[in-house]
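>>> structure for the following, please:
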Amino acid sequence: MPGTIKALDPVLAADGIAAIRFGSVSATSDGLNTVIPGVTGRRIRVLGYVLVVTLAGTIQIEDTGGAILASFPVAANGGVSYAGGIEAPAFQTDADRGLAIRNPAGVDTLGHITYVIF
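Numbering: from 1, shown residues only. Purely as a prediction, here's the structure:
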């Protein structure tokens, strides 16, 4: 399914602490692909990622409100990665907003992502 991420953990652990979540990214539509839907009253903080593209182009990471969080020019069959963590996250959305990848025409973005919802 285009623009989906498969999450493994609940939003919050039983003790109320944000659980680290892992997911695979398959953003295969041109334009905006929501990969993590927003959660009312919560933010998405990306801790790490590996993203690979099928064709050369510039992919953008955005929140679903349109704010650009990152932009990566990538060669065909190339990619980007960030091995951050709780103390060094990559970026985060505003409250109530999901996380999306904007693909140029003909480009698919695949990979995996580590994040928390808090």
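
>>> spatially central residue in the protein, please.
Computing the C-alpha centroid of the chain and ranking residues by C-alpha atoms, centre = their mean puts Leu99 first, at 5.3 Å.

>>> quick check, that residue in contact with Ile44.
Yes: the criterion here is C-beta atoms under 8 Å, and Leu99 meets it with Ile44 at 5.0 Å. Just so you know, the C-beta spots here come from the backbone N, C-alpha and C atoms, and that holds for glycine as well.

>>> now for the two: what residues contact both?
36, 63, 93, 115 (C-beta atoms under 8 Å, 6 or more residues apart in numbering).

>>> what about stretch 62-80, how long is it end to end?
Distance across stretch 62-80, first residue to last, is 16 Å (C-alpha to C-alpha, to the nearest Å).

>>> same question, stretch 52-61
In stretch 52-61, first residue to last residue: 13 Å (C-alpha to C-alpha).

>>> now for the shared contacts of Leu99 and Ile44: which two are most distant?
Asp63 and Tyr115 (12.5 Å; C-beta to C-beta).

>>> which neighbours do those two have in common?
By C-beta under 8 Å, 6+ apart, Asp63 and Tyr115 have these common neighbours: 44, 99.

>>> pLDDT below threshold where in this protein?
Residue ranges of the chain with pLDDT under 70: 1-17.

>>> Thr64 versus Asp96, what's the distance?
9 Å (C-beta to C-beta, to the nearest Å).

>>> quick one, which of those two is more surrounded?
Under the criterion of other C-beta atoms under 10 Å, the comparison of Asp96 against Thr64 puts Thr64 first, with 19 against 14.

>>> so the more buried one makes contact with Ile36?
No: using C-beta under 8 Å, Thr64 makes no contact with Ile36, being 9.1 Å away.

>>> and stretch 32-39, what's buried?
Buried residues in stretch 32-39, counted by 16 or more other C-beta atoms under 10 Å: 33-36, 38-39.
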